[in-house]
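J.: Got a predicted structure here, sequence first:
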Amino acid sequence: MRIVNVERLQPGDTLGKSLFNERGELLLSSGFSLNEDMIRKIARQGYTFVYVMDEFTEDVKPQDVIDDTIRQQANAALAEQFKGCKDNLAFEKLAPEEIKRRLNEEDKVANLIKMPSIRNQVTSILDEIVDNHVSMFTSLPMKADAGADYQHAIDTTVLSILIAQKFRFDYRELKVMGTACMLHDIGKMAFPKLAEKPPKELTRDERMILREHPVYSMKILAGSSPDGFVEQAVVLQHHERYDGQGYPQRMRSSTRPPNAPAPPQSGIMHRYAEILAVANHYDNLLSGHIDGRKYEPAEAIIKVINEGGRMFNPHVVNALTQVVQCYPVGATVKIRKNASGAYEGYVGVIKEANETDQSKPVIILLENTVGSAITPRVVDFSGERHMALELLV
């Protein structure tokens, strides 16, 4: 299989993996030969990339972090929980202080979230990662616009767990942090229409309301899990910054690697929140939720790296670079440069990733330097001293 931008789909292409809607319901099954109506339907759903099968890449097996069934179960559970919050929190036209006042009313937020359901989903995701020794995050966003909140929650949870594994978090720590990650944006359900607006269309007042969502997330979580103090702290702090210039409390980093508990200090971010902040920002860059532009994985990584030591803990940023697949299996790439000069300018599909150096994978070459099709040729570039790839999306 190979990964194809929806804009480049052609009638007759065969869908490689099934597509689901935001409630986990099947939209299109794998194996279908796509026609123009199906391609338009996929585009309307807001998908950016899909998997396609062809004779040249039939041996390529993209590496999903978690099983489709587990993802769809988590998606459906989150859809139910988010809908419950939307139905009970109709605050679209209220000022932030009035929203806070209403959220402080216990009957408004009591048991809005079914925490056993959320924790079960986190456990399933965590077990999938641990049992299968998953260490890399496939970074091209195979998700629709509909239900983007749920998918963002899942992807941020997965990425946070993979980062935390680099710091040797134990199972209990991963589960607590994962639960916070899954619910970090639940406060946006107090104003869902506002949260769905493109960033560039927000007024100053609307941006200020959105900046309060960590507070709302914490209050909603406290109403459903009063004893979950760590989870509450993490969701409250996921937009704080390394330099203390974040929100809502202008907390700062401890500056240490987040691999060991430390005594709570006033004004210092929780170490789980430092991981969530990086994972959340990275996934938002991919999805276009920062400035309306959907960044390619390598571009997003560079932006996060450039903010290390200012917005984010550099230790966490370094771990992010180790777990993200900028060139995932199934992606189409162009060889820009390599030490040997072999196949420069050729285009192909990544067959196998190289975990020690992502820029030197095994590639099925399909086109020459002038874009003409060639007899497919499998080349292992792991022996190159240096190599530069361009992701073709």
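T.: That came in fine, so what should we check first?
J.: Give me the spatial nearest neighbour of residue 70, chain neighbours excluded.
T.: When the adjacent residues along the chain are set aside, residue 70 lies closest to residue 124, with 5.1 Å between them (CB to CB, 6 or more residues apart in numbering). In this view, the C-beta of every residue, glycine as well, is placed from N, C-alpha and C.
J.: State the mean pLDDT of the helix or strand harbouring that neighbour.
T.: Secondary-structure element containing residue 124, defined by DSSP states H and E: helix 115-131. Taken as a whole, helix 115-131 has a mean pLDDT of 95.
J.: From the rest of the structure, what touches that helix?
T.: Under the contact criterion CB atoms under 8 Å, 6 or more residues apart in numbering, helix 115-131 has outside partners 65-67, 70, 73-74, 77-78, 80-81, 134, 154, 157-158, 161-162, 165, 171, 174-175, 178-179, 182-183, 224-225, 228.
J.: ok, longest helix in this protein?
T.: What stands out as the longest helix in the chain, according to DSSP state H, is helix 68-88.
J.: Which strands and helices lie in contact with that one?
T.: Identification of packing neighbours for helix 68-88 by 3 or more CB pairs under 8 Å, 6 or more residues apart in numbering; DSSP states H and E yields strand 19-20, helix 115-131, helix 148-166.
J.: repeat that for 6 Å
T.: Packing partners of helix 68-88 (3 or more CB pairs under 6 Å, 6 or more residues apart in numbering; DSSP states H and E): helix 115-131, helix 148-166.
J.: Next SSE downstream of the last one?
T.: Per DSSP H and E, helix 148-166 leads on to helix 171-182 as the next helix or strand towards the C-terminus.
J.: Can you point out the buried residues in that following helix?
T.: Neighbour-count burial for helix 171-182 flags 173, 174, 175, 176, 177, 178, 179, 180, 181, 182 (criterion: 16 or more other CB atoms under 10 Å).
J.: How about stretch 386-393?
T.: By 16+ other CB under 10 Å, the buried positions in stretch 386-393 come out as 387, 389, 391, 393.
J.: Just the ones in strands from those residues, please.
T.: Per DSSP state E, strands hold the following members of those: 387, 389, 391.
J.: Kindly reformat the residues you listed as a markdown table containing distance to residue 327 and pLDDT.
T.: Formatted as a markdown table, these follow (distance: CB to CB, whole Å; pLDDT from 0 to 100):
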| residue | distance to residue 327 | pLDDT |
| --- | --- | --- |
| 387 | 11 | 92 |
| 389 | 6 | 92 |
| 391 | 6 | 88 |
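J.: Export only the CA atoms of stretch 117-129, formatted as CSV.
T.: Provided in CSV are the C-alpha atoms of stretch 117-129 (Å, rounded to 0.1, in the frame of the first residue of the first chain):
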residue,chain,number,x,y,z
SER,A,117,-15.1,4.4,29.8
ILE,A,118,-12.2,6.9,29.2
ARG,A,119,-9.8,5.0,31.4
ASN,A,120,-10.7,1.7,29.6
GLN,A,121,-9.9,3.3,26.2
VAL,A,122,-6.6,4.6,27.5
THR,A,123,-5.7,1.2,28.9
SER,A,124,-6.5,-0.4,25.5
ILE,A,125,-4.3,2.1,23.7
LEU,A,126,-1.5,1.7,26.2
ASP,A,127,-1.6,-2.1,26.1
GLU,A,128,-1.5,-2.0,22.3
ILE,A,129,1.7,0.2,22.4
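J.: Pull out the buried residues from that stretch.
T.: For stretch 117-129, the neighbour count (16+ other CB under 10 Å) marks 118, 119, 121, 122, 124, 125, 126, 128, 129 as buried.
J.: on that earlier part again, so which of the helices and strands packed on helix 68-88 comes closest to residue 138?
T.: Among the helices and strands packed on helix 68-88, helix 148-166 comes nearest to residue 138, with 9.5 Å by CB to CB.
J.: Name the residues that touch the closest one?
T.: With contact meaning CB atoms under 6 Å, 6 or more residues apart in numbering, helix 148-166 is reached by 65, 74-75, 78-79, 129, 137, 143, 174, 178, 181-182, 275-276, 279-280, 283, 319-320, 323.
J.: Output stretch 288-303 as CSV - backbone C-alpha positions only.
T.: Extracted in CSV, the C-alpha atoms of stretch 288-303 (Å, rounded to 0.1, in the frame of the first residue of the first chain):
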residue,chain,number,x,y,z
GLY,A,288,-3.7,23.1,10.8
HIS,A,289,-5.1,24.2,14.2
ILE,A,290,-2.3,26.7,14.9
ASP,A,291,-2.4,29.1,12.0
GLY,A,292,-4.7,27.3,9.5
ARG,A,293,-1.8,25.7,7.6
LYS,A,294,-1.3,21.9,7.7
TYR,A,295,2.4,21.4,8.1
GLU,A,296,4.4,18.4,6.8
PRO,A,297,5.9,16.3,9.6
ALA,A,298,9.5,17.5,9.0
GLU,A,299,8.3,21.1,9.0
ALA,A,300,6.4,20.6,12.2
ILE,A,301,9.3,19.0,13.9
ILE,A,302,11.6,22.0,12.9
LYS,A,303,9.0,24.5,14.3
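J.: Nothing else from me, thank you.
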